[in-house]
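S.K.: predicted model and sequence follow; I will ask about them next.
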Amino acid sequence: MTVMADLAALQAVDSELDRLRRAVGELQGRIADDTALRELRAVRAATAASLQQQQLAQRRYEGESASERLEIQRREQRLSGPAIHDMHSYQATQSEIEQHTGKLRDLEDSLVAAMEDVELTTQQLQEMDAKIAAAAAERAQQVAAWQQELRSLQAEGAQQQELRARRLAPLTPGALATYTRLRQQKGGRAVATLHGNICGVCRVAVPPTTVAKARPGNGFIPCDNCGRLLYVAH
């Protein structure tokens with residue numbers, strides 16, 4: 001094989017390794033990214049906190065309602081007791097009963113609304129728990145599949161690394177250094193295979209004299225347009 005054939009073979013292995021690394025990185029990102037599940041749990045936590053506030057409000061309305069009933073009961077007992085001895089006292093006590101009764105009515109309305117809120121939010125939490133459990137189970141299945149695919153890619157990568165070691169064997173240090181430098185400069189593609197007189201990377205026509213120079217494959221002939229090493233497959 002010519003030096004350019006050796007470099008083209010190395011380029012093919014390195015391109016495949018690049019693809020495998022990208023695929024591995026993407027899978028690792030998917031495995032690590034549990035954003036959707038964390039967002040569901042955050043919404044659930046906020047809903048649970050809201051439920052606690054609603055329950056506190058319910059208990060407060062229950063306590064205040066009980067206090068108002070006690071105040072009404074005390075004044076009703078006063079009406080039938082010896083403390084009421086004139087019409088003015090009677091009317092004043094009746095007015096107090098009406099005031100406390102109005103407060104009690106408002107509190108009971110608020111209590112009913114709070115109880116409805118608690119019931120609705122409790123139902124929402126139950127639905128969210130079911131949704132989170134389903135999402136967690138689905139993600140666990142996805143992660144297991146991704147991990148299996150990841151192991152397969154890593155095994156394929158190990159095989160490609162062994163093949164790369166064999167492709168490196170015939171190359172001189174100078175050829176490898178030139179290839180490595182161009183690969184870093186040209187987005188991972190140091191070698192461009194000629195298709196007729198067309199550069200296989202930049203798709204620009206190469207002059208016939210340049211094609212003739214590249215054809216033997218023993219020297220480094222760059223593409224006039226993109227600067228990659230031209231390889232003519234035989």
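M.R.: Nice, thanks for sending it over.
S.K.: from here on, just use CA atoms for contacts and neighbour counts.
M.R.: Will do.
S.K.: list phi and psi for the closest residue to residue 215 other than its chain neighbours.
M.R.: Computed as Cα to Cα, 6 or more residues apart in numbering, the closest residue to residue 215 that is not its neighbour in sequence is residue 232, at 5.4 Å. Residue 232 adopts backbone torsions of phi -100, psi 110, taken as degrees, to the nearest 10.
S.K.: avg pLDDT for stretch 23-33?
M.R.: Per-residue pLDDT values over stretch 23-33 give a mean of 97.
S.K.: that stretch: which residues count as buried?
M.R.: 23, 24, 27, 31 (16 or more other Cα atoms under 10 Å).
S.K.: report the contact partners of the second one.
M.R.: Contacts for residue 24 (Cα atoms under 8 Å, 6 or more residues apart in numbering) come out as 150, 153, 154.
S.K.: specify the local secondary structure of it.
M.R.: Assigned by DSSP: H, G, I helix; E, B strand; the rest coil, the conformation of residue 24 is helix.
S.K.: element containing residue 128?
M.R.: helix 87-168 (DSSP states H and E).
S.K.: just give me how far that helix sits from the chain centre.
M.R.: 18 Å (Cα atoms, centre = their mean, to the nearest Å).
S.K.: for it, name the packing helices and strands.
M.R.: When contacts are defined as 3 or more Cα pairs under 8 Å, 6 or more residues apart in numbering; DSSP states H and E, helix 87-168 packs onto helix 3-32, helix 35-79.
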